[in-house]
Structure formats: structure tokens, C-alpha cells
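A.B. asks: sequence? don't have it. structure:
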């Protein structure tokens, strides 16, 4: 059995930046990082490679797993803010959280060959315009690299770290035990045997949320129920939102509906981007990304509209609720469903004939259908109301040919009870990133990995 000082389970944003920090500080600690997905060069989605038209359920999904995690094939957008994207500031303090995210930004830019703009919503007139229509623009600084440049940055980070930090890919961690005699953790994998270590950092992201919950239950670590966000991915001509995306790029807009007082928000806005399907534990959902290279861009902008759902006793499993809705979409359409906004409000199904007359060309091949058969009425009513509200600041949003893909679900792990250094009650066991329920964005997850790596180097 090979021994390490630290084992990181998961090579997502937190794991990548923890491994970078161990390398950058040239620590003497022996570190191993394990991920069930591919290394960076093997992360190719067969849809994007042109081999298939629809998601074929690759296991593991190259969009969700592997070096860089779900952020690798995203649009490379980093929001430097504590107004959304998680609660890291509640653990490390407001100023320190921002400093850590700004450090992440500096590291990323140091590996970037191009010039990326840092957008800011604080100086935009959009906030005033939005407020006039009961829409609230959240403050943030936004760095956008694009999917293409984001991949190249991560490739360089991998090359930088791989000789200092051991990395195992296509390897599933089945279980973690604690040896009372040696005071070491035993990490058991499917096909690479067992490894021992003094400290374990669980960084398996949202796709590993169920597994993290199982490990926490095993060690009697407290979990607190979280939320699930359910909605659609909106796609429309880029001209409709051009005045907004040219100004702030990512506009996080929140609206409280008149019908239910529910909060609906825009999420992950991708100017001139593409809509993509992703596989989360066998369930096909929808997402979006954008390239920085103009040759790879589309004529459309896409973004998510999400309704937050928080549950009270006796119901606790919010992720199961979200999964059940996504499964309905998979059942009806074999994956992602697509519907024109005009058909939705008129109560009719989009079909091939209606889609053939649509002026907005979809960037993802999906099955035309009826989202009202999938998404519960309350959430769907709230999404429709939000679209009409957005139409007031971006005329054309409520056009009949605006496309809606469903469903988009943002799963959040139950919040793991950790201290200010993200250590659980089980000494030596840390939970970082999205898998711990405290961070929900690339910036915060990456900063979380840096914070824990620094703490471990100073306290071992």
C-alpha cells in the first residue's frame, strides 16, 4: 500500500487549484489526486467531436468529469463576488474570500496567452434600468476566457502540476476508512488498490454529492439540507441581449414573481454561445458555453432561467426532486426537450413542422416537445413571468421563436458541517468545493482549494 501525506478525491476546480498551490509552494508533502474521469487531453465530448448528434450517456461523462471538473468544458467564466456563487465568505471572511478569488484570477491570467477583459456590473447603467422593472442586477466582476482558451489554460496547469502531484485518472474511489492503529485514512479504489494518507480532501464536485453524503454518514458528520434549482436554458438571437452582454457580459438578474413570490434568476449567460447536453449520474440535462474565438461562435446567446426550490420538514432530498423532473424530460424526449416560447404560452407542443418555420436556429439537436408535461406548473409559470419581465429591458426576449431547452437542473450537495478551514468533525477529513455545498461557482470552488492547500502546508 502506497503512503501519502494528502489525498485529494476529485480533480475539479478545487482539486486543480489545491494541486497547483502545492506545486507553486514547492511543498515536500506527498500528494495524490484521484478522479474518475479522463485527464485533460482525453476530455472530448463525442457530440462536439461530431461523432454523434445526441448524448449517448458516456460513463464517465467527459463534460462533467476529469481534470478541471465540470468547469473545463464550460465557457470559462469566473465571477469574482460573494453576492452569489456560494457562501465561502461565511467561513473565511468577506475580504479574504475576495482576495482568494482575485488570486485565482491572477493564476489563470498567468497561464493565458490572450487578453481577456474583466467586466464589472458595478459601473453599469443596467442596474438602474433593471430596477425600474423590478429586476435586480447583482454586483460582480466577471472574467471570461471562453471554452477554447479555458481548455488551454487548464492544459498548462496540468503540465505545471503533474510532476509534483501524483495524479490518477479513470479511477473511482469506492470507500474511505480510518485506521485507528496508524491514525491514517485508507482510500480504496476500484482497480488501483488502496492508498493510505494522513489527510483526505474530498473535492468531488456536484457529480460526487451523493458519494460525499455517504462518506459523511459513515463518519457521523452532520449534513444540512440544501436547495435545487430547476429551470430551462433560453436561446435567442444574440442581438436581443447584445447591449447587455457587450456591457457586463454576465448579467446575474434576479426577479421575484408576482404570482408566487418565487425568486427566478438568470444564470450562465453565453453570448454567441452553444447549448450543450450533460450527463449527471446517468441523467441528461442541459447547459451552455461560449468560445472566445469568433470563428467558433454562433449567432445566438443562451442563458439559464432557474427557480430556486428550498424544502422544509419532512422532505429532505432536494436532489431527488430535481432528478425526478429531469427523468421526465429524458423519458419523453430521450434526453433534452426543445420548445418555442410561442408554443409554450399557447399550450401546444413544438414539433418538427413548427420548428422548421422557426427563425432561431438551435445550436443543440434536441427533441421538439412540450415542457409543460415536465416542469411543474409553479416553476413554469414563474419562468414565463420572468421572460416577460426580461422583455422590458431586452425587447425580443418574449418573441415566439425564443427557444427553451429543458430541463436545466442545478444540484447542490447537502451542506457539510465544516469549520473555517473546511475540516469536518472527523479530524483530517476536509470537504471543499461544490461537493461540500458551500461553493457553487468556479471562482469560489477554486479559491476554496487554494485556502485548504495553504492551511495544510502550514499545519502538517
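C.D. replies: Nice, thanks for sending it over. All values derive from a computational prediction rather than experimental measurement.

A.B. asks: please make it C-alpha for all contacts and neighbour counts, starting now.
C.D. replies: OK.

A.B. asks: ok, residue 402 to residue 301 distance?
C.D. replies: Using C-alpha to C-alpha, to the nearest Å, we find residue 402 at a distance of 11 Å from residue 301.

A.B. asks: what sits in contact with each of the two?
C.D. replies: Taking C-alpha atoms under 8 Å, 6 or more residues apart in numbering as the contact rule, residue 402 and residue 301 both touch 235, 236.

A.B. asks: give me the more crowded residue out of the two.
C.D. replies: residue 301 (27 against 23; other C-alpha atoms under 10 Å).

A.B. asks: bridged to the more buried one, which residues?
C.D. replies: Applying DSSP bridges to residue 301 gives these bridge partners: residue 236.

A.B. asks: part of a strand, is residue 175?
C.D. replies: Yes. Checked against DSSP: H, G, I helix; E, B strand; the rest coil, residue 175 lies within a strand.

A.B. asks: so which helix or strand takes in the closest residue to it other than its chain neighbours?
C.D. replies: Nearest residue to residue 175, sequence neighbours excluded (C-alpha to C-alpha, 6 or more residues apart in numbering): residue 188, at 5.3 Å. In this assignment (DSSP states H and E), residue 188 forms part of strand 184-189.

A.B. asks: please apply the same query to residue 451.
C.D. replies: helix 442-458.

A.B. asks: list the helices and strands that helix packs on?
C.D. replies: helix 13-24, strand 77-80, helix 94-110 (3 or more C-alpha pairs under 8 Å, 6 or more residues apart in numbering; DSSP states H and E).

A.B. asks: listing partners with orientation, what would you give for the shortest one?
C.D. replies: Within its sheet, strand 77-80 is paired with strand 141-144 (antiparallel), according to DSSP bridges.

A.B. asks: give me the number of residues near residue 64?
C.D. replies: Close neighbours of residue 64, defined as other C-alpha under 10 Å, add up to 25.

A.B. asks: now the closest residue to it other than its chain neighbours. Its backbone dihedrals?
C.D. replies: Counting by C-alpha to C-alpha, 6+ apart, residue 70 is the residue found nearest to residue 64 once chain neighbours are left out, at 4.3 Å. With angles defined as degrees, to the nearest 10, residue 70 sits at phi -60, psi -20.

A.B. asks: so residue 70 touches residue 11, yeah?
C.D. replies: No. Using C-alpha atoms under 8 Å, residue 70 is not in contact with residue 11; the gap is 9.8 Å.

A.B. asks: so which of those two has more stuff around it?
C.D. replies: Between residue 70 and residue 11, counting by other C-alpha under 10 Å, residue 11 is the more crowded of the two (31 against 21).

A.B. asks: pretty sure that one is touching residue 207, no?
C.D. replies: No. Using C-alpha under 8 Å, residue 11 makes no contact with residue 207, being 11.7 Å away.
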